[in-house]
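A.B. asks: Need the 3D shape of this:
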Amino acid sequence: MGERTTLNIAPAWRRPAASVALLAAAALTASCSSPGGTAQDPGAPDVTTTATPQAPTITITPAEGSAKVNPDKRVTVTAAGGALEDVTVTAGDEQIDGRFNADKTKWVSKTPLKPSTDYTVTAKAGAATATSTFTTVKPERSLQVIDVTPNAKGEKVGVGAPIIVTFNQPVDNKATIERALEVDAEKPVEGAWRWIDDTKVIYRTAKYWPAHQKVKFNARITGVKGGKGMYGTKDYAATLTIGAKQISKVDTRTKRMYVYKDGKRVQTMRISAGMATTREYTTTSGVHLTMERGNPVRMISPGRKKGDPGYYDVMINHAVRISNSGEYVHAKDNVWAQGVRNVSHGCINARPDQAKWFYDNVQRGDVVEIVGTDRELEWNNGWGFWQMSFKEWKKGSALKRKA
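C.D. replies: Predicted coordinates:
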């Protein structure tokens, strides 16, 4: 027999000794290499390298050192690569409000800036901070409110009262200024502004004010551009107190005047109205408002001089003006004519004691409705604003309105 040859074949699970060695060597090689492939000392500890995050970039507008910045320009702060944590804009002790966008990568100031003012902006986003100082322009002309009527200290006004605002400069940018005028009533009703001329704008409600309430008026015009080189330099605020609903109804045909307070009749007066021999001596019909009062008031015949027919120069007691064409409700001792004949030059004559009562109880802006003559009160004759429909009134606004 020939010699047997024995082959020692290792079981499969014992076979990869060399492979295991190769894998171990490969693993050793990998563990001794840095992420960039550079060999390290096998005995050194394993180190994981992490990149340092980049700080956000903050941009502020107006930029540092800007001068003659327009006051109507908004302050804007943006952050790239992170969210804004804090933005502060100050002018002395005053801080300007602003708002962030949804992801807080942008902040914008809410209101115009003051003219001729130094501002400082500071912003923070993560590890980044930024600062900007700038100065707003000095206006060539300063726009301010110089009068709001009716607005006397402690005064109560009637339910028909307008808000008459007068500026010290002619306004070119009427829409911009009108948007800065705010009326906030405790019992709100629809209303609108109407420009009478370049310096005067009037607010009137669609219906009479609800009685017994406060109405706040604010002219937030600081920094608002009113025309070329002209900015508002001072805000104005006023609070009007609406008193009782006082409405007087006059009929020149029956020669009676009835006064109602909060819906209840509180006075009945015999009166004598204009004699109506000429248009001048005809009492105007329509919705009048009480404008002012005086005791006494000197009344002089218009367009006449002493010696002319119809000339008069008299002192009249307890007179309440209801138009600019010389009409008053006032005391007169021609009691014989009151309730019987119209003999005045256009005013409403009343018995002295009743005229005094009316004088003592009237509020500026109370309603006096007169009927019975063929002469209509003009809407711009005194405070005849209720002679115009509200639809027509709104057309005098500088703001575009939907029909």
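
A.B. asks: Return the set of buried residues in stretch 266-284.
C.D. replies: 269-276, 280-284 (16 or more other CB atoms under 10 Å). C-beta coordinates here come from the backbone N, C-alpha and C atoms, glycine included.

A.B. asks: Then stretch 334-345?
C.D. replies: So, applying 16+ other CB under 10 Å, buried residues of stretch 334-345: Ala337, Gln338, Asn342, Val343, Ser344, His345.

A.B. asks: Span of that stretch from start to end?
C.D. replies: Start and end residues of stretch 334-345 are separated by 13 Å (CA to CA, to the nearest Å).

A.B. asks: Farthest-apart pair in the buried residues of stretch 334-345, please.
C.D. replies: Taking CB to CB as the measure, the buried residues of stretch 334-345 reach their widest spread between Gln338 and His345, a distance of 15.1 Å.

A.B. asks: How is this structure divided into domains?
C.D. replies: 57-135, 141-243, 246-384 (automatic domain parsing).

A.B. asks: Of those, which is nearest Leu399?
C.D. replies: Closest approach to Leu399 among those (CB to CB): domain 141-243, 5.5 Å.

A.B. asks: So which residues of the stretch 301-403 of the chain form strands?
C.D. replies: 313-316, 319-321, 328-331, 348-350, 367-371 (DSSP state E, counting those that start in this stretch).

A.B. asks: Assess the claim that Gln54 and Gly126 are in contact.
C.D. replies: No: using CB atoms under 8 Å, Gln54 is not in contact with Gly126, being 9.5 Å away.

A.B. asks: For Glu155, give its distance to Gly243.
C.D. replies: Distance, Glu155 to Gly243, by CB to CB, to the nearest Å: 9 Å.

A.B. asks: Tell me the residues that contact both of the two, please.
C.D. replies: Taking CB atoms under 8 Å, 6 or more residues apart in numbering as the contact rule, Glu155 and Gly243 both touch Gln363.

A.B. asks: May I see the strands of the stretch 301-403 of the chain arranged in JSON lines, with distance to Ala130 and mean neighbour count as well?
C.D. replies: Putting those into JSON lines (distance: least, CB to CB, whole Å; neighbours: other CB atoms under 10 Å) gives the following:
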{"stretch": "strand 313-316", "distance to Ala130": "71", "mean neighbour count": "12"}
{"stretch": "strand 319-321", "distance to Ala130": "61", "mean neighbour count": "24"}
{"stretch": "strand 328-331", "distance to Ala130": "67", "mean neighbour count": "25"}
{"stretch": "strand 348-350", "distance to Ala130": "70", "mean neighbour count": "28"}
{"stretch": "strand 367-371", "distance to Ala130": "60", "mean neighbour count": "20"}
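
A.B. asks: Can you give me the neighbour number for the closest residue to Gln213 other than its chain neighbours?
C.D. replies: For Gln213, ignoring the flanking residues on the chain, the nearest one in space by CB to CB, 6 or more residues apart in numbering is Glu186 at 4.2 Å. By other CB atoms under 10 Å, 11 other residues sit near Glu186.

A.B. asks: Provide a list of residues in contact with the closest residue in space to Val287 that isn't next to it in sequence.
C.D. replies: Leaving aside its sequence neighbours, Val287 sits nearest to Trp386 (CB to CB, 6+ apart; 3.9 Å). For Trp386, the contacting residues are Gly160, Arg204, Gly286, Val287, Leu289, Val367, by CB under 8 Å, 6+ apart.

A.B. asks: Could you rank those residues by neighbour count and give me the top one?
C.D. replies: Going by other CB under 10 Å, Gly160 tops these with 28 neighbours.

A.B. asks: how about that one, what does it touch?
C.D. replies: Neighbouring residues of Gly160 by CB under 8 Å, 6+ apart: Tyr208, Trp209, Val287, Leu289, Gly365, Asp366, Val367, Trp383, Trp386.

A.B. asks: repeat that with 10 Å
C.D. replies: 204-205, 207-209, 242, 245-247, 287-290, 363-369, 383, 385-386 (CB atoms under 10 Å, 6 or more residues apart in numbering).

A.B. asks: what do you get for Lys174?
C.D. replies: By CB under 10 Å, 6+ apart, the residues touching Lys174 are Trp193, Trp195, Asp198, Val201, Gly226, Gly227, Ser397, Ala398, Leu399.

A.B. asks: okay if I get these as JSON lines plus pLDDT and distance to Ala238?
C.D. replies: Formatted as JSON lines, these follow (pLDDT from 0 to 100; distance: CB to CB, whole Å):
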{"residue": "Trp193", "pLDDT": "98", "distance to Ala238": "15"}
{"residue": "Trp195", "pLDDT": "98", "distance to Ala238": "19"}
{"residue": "Asp198", "pLDDT": "98", "distance to Ala238": "22"}
{"residue": "Val201", "pLDDT": "98", "distance to Ala238": "14"}
{"residue": "Gly226", "pLDDT": "96", "distance to Ala238": "19"}
{"residue": "Gly227", "pLDDT": "96", "distance to Ala238": "24"}
{"residue": "Ser397", "pLDDT": "97", "distance to Ala238": "20"}
{"residue": "Ala398", "pLDDT": "97", "distance to Ala238": "21"}
{"residue": "Leu399", "pLDDT": "95", "distance to Ala238": "21"}
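
A.B. asks: would you turn those residues into a markdown table with distance to Thr233 and neighbour count?
C.D. replies: Shown next, in a markdown table, are the contacts of Lys174 (distance: CB to CB, whole Å; neighbours: other CB atoms under 10 Å):
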| residue | distance to Thr233 | neighbour count |
| --- | --- | --- |
| Trp193 | 21 | 22 |
| Trp195 | 21 | 17 |
| Asp198 | 18 | 13 |
| Val201 | 18 | 24 |
| Gly226 | 10 | 24 |
| Gly227 | 13 | 19 |
| Ser397 | 24 | 17 |
| Ala398 | 21 | 16 |
| Leu399 | 23 | 12 |
